[in-house]
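[1] Show me how the following folds:
(chains A, B, C and D, ligands or ions: 4)
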Amino acid sequence: AEHTLRYASAGDIYGLDPQSTTDSFSINFLMHIYEPLVRYNRELKIEPALATSWEIVKPDVIRYKLRQGVKFHDGSDFTADDVVMSLMRATDDKSPIKGNLPALKSVEKIDDYTVELHLSGPTPLLNNYLTNIAIFDAQWLEKNNGVKPVNAEVGEEGYTTTHANGTGPFKLESRRPDAQTVLTANEGWWDKPEHNLTKIVHTPISSDATRVAALLSGEVDVITPSPLQDAKRIAGSPGTKVLESPGLRTIMMNFNMRDKLADGNVEGNPFKDARVRKAVYLAINMDLVRDKIMRGKSRNAGMLVAPEVPGFDEKLNQRFPYDTAAAKALLAEAGYPDGFQFNMNCPNDAYVNDEEVCQAMTAMLAQVGLNAKLVTEGRTLHFKKAQEGQADMFMLGWATLPMLDGFSVLSAMLHSPEGKLGTWNPGGYKNAKVDELTKKIDVELDEAKRRQMMAEAFAISEEEVAWLPLHQQPLSWAVRDNVEVVQTPDDLLRLWYARIK
Amino acid sequence: MSDTSFTGRLRSFADSDLFYSFRRSKTTVIASIALALLVFLAVFAPVISPHNPFDIAGLNLLDSELPPSWQEGGNPAYLLGTDTQARDVLSSLLYGLRISLLVGFASVILAAVLGVFLGLVGGFVGGIADAIIMRIADVLLSFPAILVALLINGVMRGILPANQQDSAAIVVLVLSIGLTNWVQYARTVRGSTLVERQREYVQAARTIGVGPLRIMLTHIMPNVLGPVLVLATINLGMAVLTEATLSFLGVGMPATQPSLGTLIRVGNEYLFSGIWWVVIFPSATLAVLVLAVNLIGDWLRDALNPKLR
Amino acid sequence: MALLEVENLKVEFPTRKGVLTAVDSVSFSVEQGEILGVVGESGAGKSMTGAAVIGLLEPPGRIGGGQIRLDGKRIDNLPPSEMRKVRGRHIGAIFQDPLTSLNPLFTVGEQLVETIRTHLPMSAADARKRAIEWLAEVGIPAPDKRFDQYPHQFSGGMRQRVVIALALCAEPRLIIADEPTTALDVSVQAQIIALLKRVCRERNAAVILVTHDMGVIAETADRVAVMYAGRLAEIGPVAQVLQKPSHPYTAGLMGSIPRIGPRPDRLIQIEGSMPRLTDIPKGCAFNPRCPKVFANCHHNPARTAADRRWCGRLSALRRGDAMNAMPTSLKTADNRTLLSVKGLKKHFAMTKPFLNRLIEKEEPQSVKAVDGLDLDIPRGQTLSLVGESGCGKSTVARLIMGLSTPSGGNITFDGIDISRAPAGSPAAVRQRMQMIFQDPYASLNPRWRVRDIIAEPLRTYGLSGSREEERREVDRLLEFVGLNAKDGDKFPHEFSGGQRQRISIARAISTKPEFLVCDEPTSALDVSVQAQILNLMREMQRELGLTYLFISHDLAVVNFMSDWIGVMYLGRLVEVAPAAELFNNPQHPYTRLLLDTIPDLGMSKRDRTPAAGEVPNPISPPPGCHFNPRCPLANDRCRSEAPVLRAYANGGRVSCHAAEEGRGPAIVPAGMEHSTQTAP
Amino acid sequence: MFVFLVRRLFQAVMVMLAVAFIAFLMFRYLGDPVNNIVSQDATQEQREEVRQRLHLDDPMIMQYGRFVANAAQGDFGMSYRNSRPVSALLAERLPATAELVLVAALLSLVLGIPLGIYTALKPRGILSQGLQILSLIGISLPTFVTGILLILIFSVWLGWLPSFGRGEVIDIGWWSTGFLTLSGIKALILPSFMLCLFQLTLIMRLVRAEMMEVLRADYIKFAKARGLRNKTIHFRHALKNTLIPVVTIFGLQLGGLIAFAIITETVFQWPGMGALFIQAVNFTDVPVMAAYLVMVSLIFVIINTSVDLLYNVIDPRLRADPTRASGRGA
Ligand SMILES: Nc1ncnc2c1ncn2[C@@H]1O[C@H](COP(=O)(O)OP(=O)(O)OP(=O)(O)O)[C@@H](O)[C@H]1O
Ligand SMILES: Nc1ncnc2c1ncn2[C@@H]1O[C@H](COP(=O)(O)OP(=O)(O)OP(=O)(O)O)[C@@H](O)[C@H]1O
Ligand SMILES: [Mg+2]
Ligand SMILES: [Mg+2]
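    Residues are numbered from 1 along each chain as shown, chains lettered A, B, ... in the order given. Ligands and ions are numbered 1, 2, ... in the order given. The predicted structure is shown next:
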């Protein structure tokens, strides 16, 4: 029977080349057409895809056995050449996603169905990285002049941007950018399909209200995201329901720990004092935020990573209890009984109810005498300013994707700024022990040890309130009643698990 | 008739054709009352509002999303209910109105003053000055106003240091709306100035030896202000709407200092969710405001147009 | 039965202050083929009467009473659709301004054909033929080519011809012509009136000719109706009304018209001005201004139509009374020149924008508005400039006043060269010369109080002294020009045109100047008011010893005002002579042409042959003598060589080859026959 | 005529240079595009590299110069966001915006002119006063609210019309049109109505005012005196004269439609240039923004020039001297 699934998301994919962008929505969508060597399953566990097995030859050499009998949509066979060319393309100097596979030095073809990856050092997260790297057909790339990554400089359109040829469960039928992308089921897929779709019609609808209207009026079957505040209405409407669960993305606030406040009314920087940071922490009533602003859908966080992420530790996830009296006491102790003024930057289009959460926080901080001057703006400006250190507190959400590992937080946000490390630590938090642990975790292949070291590092940072964790923002999708989809905490819709009744 | 005292003038105004035509137009009278009321509410917002929406310390999320007081679950302390941040809708509405009107009036005044001055100079002085002014006007006119406002807004925001952006948001908006709108005034005034300049009373002043600046300001200006008044009235409504639209595009007033437009933009997201009061009340207020202003502008145009009498 | 009968017509305007009656109990009739003139001051109700007859009163105006009958059939109460069929077909109309009467977006032919086919059953082709015939009939050359042209491609006179064709093309039997020539140039007016008269006579169509020009009436109309404040003051055969008016108003009106001939010291003057419709006096509307008023005038309104003697008392007032000419006051003729102009030039560049010139490779063009003008004005005397519109009169005035800088030549005032000194400087000289403008409505800033307007020169030149002194000075000036000191606190819109012109004059003389430039100071005024102003100016000259440069296109006014007259044509002076000499013995053919256009008030019924030709384009004047294309005496020399001003016997100077060579017949200008007569 | 065109062309180039320059000034402040290109955890080195690759580290004036030079050859560079030539992106979106704006413009004319005439001819009628106020109410709400309300009523409640997108489109060469399918036409209704609402009101009111003024003109009085039928007077004589200023304003406002299409396209997910622009703004996709602005001003200039030329068709007075057209008043 015909089963067409009409799917509306907030934005469109950036193009058809999964190696031309780091946007996780685009990459995930294109993974319906292309496939990686290994992939996440419904439980977000890694499982074989184009590779059937792998073994560690040396700490820095990993060998993958490839699946046989797989065909690309144009009919050509999948072999080791394809893997070699695809991986080299992804890590080419000009590749925009070079950073997604940082350790790869070279790929060696052992035979038609075996390859070896040579790394710059032990890389415990290699498979996590590989889930994000699509495999192209080598001949197809050669024929269409696509061996090198699409280069924005050249000024010509890459063939791969407008055409697709993968091994995945769906084939591209047509695409109109920003209007419609149509996929049809790939009859010759190597895997046994769990879905029963014949066709996927994807439309981007950026306006929340319009997207909801489209679902309510029956013009689409699935929307992601579905605005939290409309959940009641959607659930209450006949034929539609809401899918909600806590997501991977942890929302947190960064503290400026440089020598001066960006916009303060006191000398020096009170945030350098851990007591002040803790006071801020204690002054914020996340239960209220969850119940009112997040409509009970969020999961308050004590850690900077979500439970699904390796490195998570239930013990560390307890929040310090909300306590304004204690907060005031701490402030007084630190020498600011009357509080002080600083600025707080928030995006207004990046996270679920981001602006509202920040407004609520300012109100709460005001109650302990802290005067946070709220600046909210679009994400491009927000992140720019945050990174340039123009904010005393700013909001950041981190899902650890594509790594899906606590190391992501440690290396980017807790390690002091240093080369590839601490890239998202503009506040300048620095703890020698944390730095040391982070570097060790990077090359530790023993999973138990890694976990233990991560827990240690997280514990330190938590005690020092290096960042202020808020919550995992909820995933909120909505579907028509006859549609079944799998909702994973990474907020990515994998339609090869979707079914229409 | 030509009593110079204040009451005399008042009486002669009450006796004038303008006032007569005003009294005769019922819609205009109603519109004026509505506008006067809204302006009154805006000016005295700090006194009238039951709560201070800017006093964030007074907010308690527990009180968020209360419906209007007459509805079930409503709280009499919040006549029109509260928003998702527990702000009193009535109070933020009054303050929002205040800001919208402030932006509207200020940008109209800016545009009018600039436009009248440049129009006078262009029309009266002519030559290079005129050419330059009119070319700039052409460029501005050759471009949709809202995009120009976006451009100016972008530049202004860039120039200002980060920590002043919110406090300067009003100024930025006023500048971007004002700077896009002066062209109409300038063109109108320039046109009338070209006509007035040829008039014999100007020539008379010149034969006497009155200086050009004085002629421009004391002779010509009072005679070209009629159409400016009409334009200004109609533009007031447009400016308030433009602010709302800019807010929709993300460059309006910040949520911490909401204008009516911002309130609507934010409330718009709750249109499906049943919290209708956060969007309906600001929208209705804005609609009444713009409608009233437009009706008055309409009437004024007809009343001041000698050809239509 | 008369063609048109109007009985007790009343036209009303409801306003918020009550109902105004613009036309009150007007009755008259028009016979087949008759020309009825309607005269009266502005606002007297002439146009309203015409509009009521043709059913085109603008709302909220309405017919408030009386009847209008066409061929005995009432037409004032016809439903709009029926009335529409009467318009154009039975009653045609011609309005004042030919420039705005034609729809600019349709060709002349389209408008004609559409009118013809609306009323006459005719095929498109026939209608076209008929239309072209009509164009030929009204004297449009090459009518089949002109047929497809748009109105803007026609000159003003041509357009009025087209308007006449349009009004007549459905062959109506009555034409209402509302000031058909007022907007036209003097030299063209005569042609249009002659044309109208001819085509109507040929078709036996009756005409109601509304005008304020008595001369036109005298020449054209069979009977004349005089209106005053919405009422008929007098109606009767032309000769009777003009020569032996019964109503003091008519008499005053006739007397206040300046004439060509010996120059009286004063014109007869009706005091005051026509009342506003809001306060028309009880009884005879004219009673406050009437020199013959008696008790009954305050109660009895006008009599019935049957009574020819409109006024309560048979007036003894005759035009002749006014001519009790006082002896011309002996001027303290100090013949020293006060203002002297030598070789004055003003060229306006008509350059197109740079790019156009670059691409089209066009030479820069210019309008030679003034092109080498020499003038000397003796102290205490008046020199007038006359000439058609656009000949440069105003430009001369502006140059003298320093409102624009000459392109060549120089101007000296009392020996001081002021050619390039801008207006207002040097103050010492400029405060000795002032200007009076044409348009009394435009020359006063509507937003200023009269007091401030008059005091502005005093303040600017620092002559005002203390506030109290200034106040007294302004009061004195107001009273001097015949206004009330209280008027100082009013705004200009509270005054009538004549009063405004007095304010203008008060402003001009506030600095105690010696020299006044008057650019058509009365051409926007009604004759009765014009007389007041002209008298005032003459008085001022006598009392203050002023010197005038007077500009006008009305030769009769000029005759009244001037010692010297200069005739301009396309930026050049073609003849300048003492006033009497110019009228009695004109030397230049153009002067003769101008004199020839003066309508004849003397009822001589002579057939004027209006001069052919239109006012030429000042951008490309013809070579040689500029006048040559219109000149009956032109020869090859005239077409190639420009003449220069040369003195001739009687103290005048003329620039004409023919005059110099003594060529052609010495035409005695038509107006002169009358001018030599003495008053009856 | 030729000179006239040359002058317009020259002006157009100046306008576009100015626009491009202002656009460039603005872009500096809109955020750092690099942030959007690299992944969140890219190192400073990687960022620098991207910066260099895109020449973002060059001085402003050089970037501007390069942009102008390339744009002159129709090359607007590559979009940062989706690595495709900007000209291709714009060309793809042009049909959607063009059709939307076209329909909105026609709608505003087709409805606005008759309504304007009606209200002018019957100025005191109840219906025309009602229409006047109604039209004002229609523009007293910000358009984005109107748009959502339309969707709520016609898509969600009544289910008559689609709430987003263009429906089915058919490609004719590089142009994709929604005119040829039922769903395409249905999809046009709500967005074009929302977009034209402001315009419609404007035109209606303008026609009314102009018509009332024209009806007082001398040539109308003279036409009545000639006994022409009311129909002829109103619809032949008065209307044609009324339309002249309407054409000017309409031309100017057409550009406004293109600008307001940004909002309509966002609300209705209309895949046009406006939506592209807003995405580009959110992404700081400088080449796309710059190209869009230049393109819009180009369209604007073309429209205005055509309006001026159109004048020559309507107004015989200008045929002789087209330069006069550029001097038309506001
Ligand atoms: N719409 C109106 N409302 C009130 N009064 C009006 C209106 N139109 C004309 N009038 C008055 O009617 C009177 C007669 O006007 P009308 O136009 O007939 O004068 P006229 O003799 O033709 O004058 P003119 O020589 O200036 O044309 C004038 O006093 C004028 O003020
Ligand atoms: N500022 C100007 N620029 C260009 N041409 C001008 C200018 N002022 C006057 N002219 C032209 O100069 C010529 C003379 O104009 P001027 O006003 O002196 O005539 P006039 O004799 O006063 O006419 P009228 O009787 O109509 O007042 C006209 O052809 C006019 O078009
Ligand atoms: Mg009249
Ligand atoms: Mg003149």
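[2] what's the pLDDT at C:Lys17?
    C:Lys17 carries a pLDDT score of 73 in this model.
[3] Number of residues surrounding it?
    For C:Lys17, the neighbour count with other CB atoms under 10 Å in any protein chain shown is 9. Where C-beta positions appear, they are placed from N, C-alpha and C, glycine not excepted.
[4] Spit out the contact partners of it.
    By CB atoms under 8 Å, 6 or more residues apart in numbering or on different chains, the contact list for C:Lys17 reads C:Thr278.
[5] where in the stretch 51-200 of chain B is pLDDT low?
    B:55-59, B:61, B:142-143, B:157-167 (pLDDT under 70).
[6] who in it is up against chain C?
    Contact residues (CB under 8 Å from any CB of the partner chain) of the stretch 51-200 of chain B with chain C: B:Arg199, B:Glu200.
[7] Name the residues of stretch D:133-148 that are buried.
    D:133, D:135-136, D:138-148 (16 or more other CB atoms under 10 Å in any protein chain shown).
[8] Determine the three-state secondary structure at C:Ile598.
    coil (DSSP: H, G, I helix; E, B strand; the rest coil).
[9] before we move on, the earlier item: mind putting the buried residues of stretch D:133-148 in JSON lines, distance to D:Ile249 included?
    Putting these into JSON lines (distance: CB to CB, whole Å) gives the following:
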{"residue": "D:Ile133", "distance to D:Ile249": "21"}
{"residue": "D:Ser135", "distance to D:Ile249": "16"}
{"residue": "D:Leu136", "distance to D:Ile249": "17"}
{"residue": "D:Gly138", "distance to D:Ile249": "18"}
{"residue": "D:Ile139", "distance to D:Ile249": "15"}
{"residue": "D:Ser140", "distance to D:Ile249": "20"}
{"residue": "D:Leu141", "distance to D:Ile249": "22"}
{"residue": "D:Pro142", "distance to D:Ile249": "22"}
{"residue": "D:Thr143", "distance to D:Ile249": "19"}
{"residue": "D:Phe144", "distance to D:Ile249": "24"}
{"residue": "D:Val145", "distance to D:Ile249": "25"}
{"residue": "D:Thr146", "distance to D:Ile249": "22"}
{"residue": "D:Gly147", "distance to D:Ile249": "24"}
{"residue": "D:Ile148", "distance to D:Ile249": "28"}
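[10] tell me the phi and psi of the residue positioned nearest the centre of chain C?
    Geometric centre of chain C, nearest residue: C:Ser523, 5.3 Å, by CA atoms, centre = their mean. The phi/psi pair for C:Ser523 (degrees, to the nearest 10) reads phi -70, psi -20.
[11] so it makes contact with C:Gln438?
    Yes: at 6.0 Å, C:Ser523 counts as touching C:Gln438 under the criterion of CB atoms under 8 Å.
[12] coming back round to it: so which of the buried residues of stretch D:133-148 also contact chain A?
    Answer for these near chain A (CB under 8 Å from any CB): D:Ile148.
[13] Out of the buried residues of stretch D:133-148, list just those in helices.
    Secondary structure from DSSP state H places D:Ile133, D:Ser135, D:Leu136, D:Gly138, D:Thr143, D:Phe144, D:Val145, D:Thr146, D:Gly147, D:Ile148 of these in helices.
[14] touching chain B at all, the lowest-mean-pLDDT helix or strand in chain A?
    One helix or strand of chain A scores below all others by mean pLDDT, DSSP states H and E: helix A:379-387, with a mean of 79. Yes: interface with chain B: helix A:379-387 contributes A:Lys385 (CB under 8 Å from any CB).
[15] Centre of the chain to that helix, how far?
    17 Å (CA atoms, centre = their mean, to the nearest Å).
[16] just stretch B:65-82 next, same as before
    That offset, for stretch B:65-82, works out to 31 Å (CA atoms, centre = their mean).
[17] Can you check the distance spanned by it, start to finish?
    5 Å (CA to CA, to the nearest Å).
[18] and it with chain A, contact?
    Yes: for stretch B:65-82, a contact with chain A is found by CB under 8 Å from any CB, at B:Glu65.
[19] Can you point out the buried residues in that stretch?
    In stretch B:65-82, counting by 16+ other CB under 10 Å, buried: B:Glu65, B:Leu66, B:Pro67, B:Pro68, B:Gly74, B:Tyr78, B:Leu79, B:Leu80, B:Gly81, B:Thr82.
[20] Looking at these, spot the one nearest ligand 1.
    B:Leu80 (50.3 Å; CB to the nearest ligand atom).
[21] Could you double-check that that closest one sits in contact with B:Phe281?
    Yes: judged on CB under 8 Å, B:Leu80 makes contact with B:Phe281 at a distance of 5.3 Å.
[22] circling back: among the buried residues of stretch D:133-148, which are in reach of ligand 1?
    Among the buried residues of stretch D:133-148, no residue sits close to ligand 1 (CB under 6 Å from any ligand atom).
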